[in-house]
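# predicted model follows, preceded by the sequence.
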Amino acid sequence: MRASRNATFGALAVPNYRIYAGGSLLSNVGTWLQITAQTWLVLQLTDSGSAVGFAIALQMLPSLLFSPVAGVLADRFDKRTLMSWLQVGMAVPSGVLGVLAISGQVQLWQVYLLAFCFGTARAFEAPARQAFVGDMVGPEHLSNAVALNSASFNSGRLVGPALAGLMIAALGSGVAATGYVIVGNALSYGFVLLALRRVDPSLLLQSSHGRGGRGAVREGVRYVRNRPDLLLLLGTVFFLGAFGMNFQITTALMVTDVFERGAGEFGLLGSFVAIGSLAGSLLAARRPRPRLRFVVGAALAFCVVQALSGLAPTYVTYALIMPFIGLTVLTAVTTANALIQLTSAPAMRGRVAALYLMVFMGSTPAGAPFIGWVAEQHGPRVALVVSGSLAGAGILGCAAWFVRHDSRPLARLRERRRAGAVPRPGRIGPASSGLAD
């Protein structure tokens, strides 16, 4: 029986997507194993928040450098083949880092180099994955599938950090213990490879291919530049990524420096964030028509909760705030992602998704070292208040710009006037801004 378009799990009625989602969920658990273990590894090697921030920045930097080219490849070539090769490209540096840690030979520069290599493969894989979802489910289920992908990622986040913390603690909490966990992530990419092999190509939508070359990158940038709604979304996720979503830095330092806890408690906090993140993803999945104002409102709510978390007096209080951080930020990010894909022309979807990922993931290199430095110099509590405040100020600035530059409310009013539905009074106030969309 065909699932309702508005059903929370409607996209799972599509056989190809159901196969892909199963493999992706298992791989997502592995991803969060590595994120948690790599953060703990850097702390074991350096005891430095700045070093953690720099490692995260290097892992995200390729998204800033290579996403436009990656988007052109996603629009130009077969996405399933591209994704298969790039699973291997992510597994290899993960495996090498894990083996180095297990052997006790790992050095900080190696962590940095392998984080950059891993991030490069992920930068090329992400736009293809985003666009491939549309090929599997079509426009009817696209918004739901985007939200379910986010729910899958955060289901992995619910299990991965806690599992990683338990494994690291059980194996002695040292450098070698993190290596075994990271190797687990390297093996998890096999689940996605298997799922991609089982996908039936005859059931995929044949999206039109854009042209290649540097002109194709410029074409994508020009397309986004002429869309104030897309620029608002990109601005919002930039400030979220640069100053808001630095969980690995602030949470690790809150656990070790403020609350004086260990790896198990650190991993548990990641799962508390995931409870809210999963709820936010499922909330977005139930919305048949994502709206700009919903993105902005959720993003600002996150900024407030992030700043308030820096005032938490105890570990338990801080842990209880974590689900609200996950809920607000994932509601904003998932809805923004769905809007980006739903409102972009099919032939441009890979490039627009790549620009979104470049801004969202590539903004971390700009913010993570700064937030790490603030945490090191002034403490993680101050870093949380500063990060929430800076992100909120930036998002409010983007919303104000959008209200001034969006021409769609005026165009709609002119249409209604031509149809005789609206009289001709004077000016249009701010209430008619596109934030109502």
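Alright, I've got the coordinates.
# state the distance from W40 to Q105.
Distance from W40 to Q105, counting by CB to CB, to the nearest Å: 18 Å. (C-beta placed from N, C-alpha, C; glycine too.)
# more crowded one of the two?
Comparing W40 with Q105 by other CB atoms under 10 Å, the one with more neighbours is W40, at 27 against 11.
# the longest helix in this protein is where?
With secondary structure taken from DSSP state H, the chain has its longest helix at helix 108-170.
# just the element for the closest residue to L194 other than its chain neighbours, please.
Nearest residue to L194 in three dimensions, chain neighbours excluded: G23, at 5.9 Å (CB to CB, 6 or more residues apart in numbering). Assigned by DSSP states H and E, G23 belongs to helix 15-46.
# what sits closest to I371 if chain neighbours are left out?
In space, I371 is closest to N246, 4.6 Å off (CB to CB, 6+ apart).
# tally of neighbours for S173?
16.
# and if you look at V329?
26.
# cool, and I275?
Neighbour count for I275, taken as other CB under 10 Å: 17.
# again with P93
A count of nearby residues for P93, using other CB under 10 Å, gives 22.
# how about L231?
The burial count for L231: 17, using other CB under 10 Å.
# do I have it right that it meets A399?
No: the criterion here is CB atoms under 8 Å, and L231 misses it with A399 at 11.3 Å.
# and the pLDDT for V99?
Looking at V99, its pLDDT stands at 95.
# what about it, which helix or strand?
Going by DSSP H and E, V99 is part of helix 79-103.
# now D200: phi and psi?
phi -90, psi 110 (degrees, to the nearest 10).
# wait, what's in contact with the closest residue to it other than its chain neighbours?
Taking CB to CB, 6+ apart, and ignoring the residues beside it in sequence, D200 has N16 as its nearest neighbour in space, at 5.9 Å. Each residue near N16 by CB atoms under 8 Å, 6 or more residues apart in numbering is listed here: M136, V199, D200, L203, L204.
# for A11, see how far away the first one is.
The spacing between M136 and A11, counted by CB to CB, is 8 Å.
# same question, the fourth one
Using CB to CB, we find L203 at a distance of 14 Å from A11.
# who's more crowded, the two?
More crowded of L203 and A11, by other CB under 10 Å: A11, with 27 against 12.
# re the thing from before, how many neighbouring residues does the residue nearest to L194 have?
23.
# now swap in the one 10 residues further on and tell me
For L33, the neighbour count with other CB under 10 Å is 30.
# I'd say it and V183 touch.
No: the pair L33 / V183 is not scored as a contact, 9.4 Å apart, by CB under 8 Å.
# need the residues touching each of these two.
With CB under 8 Å, 6+ apart, L33 and V183 have no common neighbours.
# can I get stretch 105-118 in PDB, CA atoms only?
Presented in PDB, the C-alpha positions along stretch 105-118 are these (Å, rounded to 0.1, in the frame of the first residue of the first chain):
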ATOM      1  CA  GLN A 105      52.800   5.000  17.000                       C
ATOM      2  CA  VAL A 106      50.300   7.800  16.300                       C
ATOM      3  CA  GLN A 107      51.400  11.400  16.400                       C
ATOM      4  CA  LEU A 108      49.400  14.600  16.300                       C
ATOM      5  CA  TRP A 109      50.500  15.500  12.800                       C
ATOM      6  CA  GLN A 110      49.300  12.100  11.600                       C
ATOM      7  CA  VAL A 111      45.800  12.700  13.100                       C
ATOM      8  CA  TYR A 112      45.700  16.100  11.400                       C
ATOM      9  CA  LEU A 113      46.800  14.700   8.000                       C
ATOM     10  CA  LEU A 114      44.400  11.700   8.100                       C
ATOM     11  CA  ALA A 115      41.500  14.000   9.300                       C
ATOM     12  CA  PHE A 116      42.100  16.100   6.200                       C
ATOM     13  CA  CYS A 117      42.200  13.000   3.900                       C
ATOM     14  CA  PHE A 118      39.000  11.700   5.400                       C
END
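# buried stuff in it?
Under the neighbour-count criterion of 16 or more other CB atoms under 10 Å, stretch 105-118 has V106, V111, Y112, L114, A115, F116, C117, F118 buried.
# turn those into CSV, including distance to R227 and pLDDT.
Shown next, in CSV, are those (distance: CB to CB, whole Å; pLDDT from 0 to 100):
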residue, distance to R227, pLDDT
V106, 45, 92
V111, 39, 94
Y112, 36, 94
L114, 37, 95
A115, 33, 92
F116, 32, 94
C117, 34, 94
F118, 32, 93
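# N28: which of those residues is nearest?
Among the buried residues of stretch 105-118, F118 lies closest to N28 (CB to CB), at 15.2 Å.
# what about that closest one, distance to L61?
Taking CB to CB, one finds F118 at 11 Å from L61.
# can you check L390 too?
Counting by CB to CB - L390 and L61 are separated by 20 Å.
# go on, L82?
21 Å.
# in the stretch 251-400 of the chain, where is pLDDT below threshold?
Applying pLDDT under 70 to the stretch 251-400 of the chain flags residues 284-288, 362, 365.
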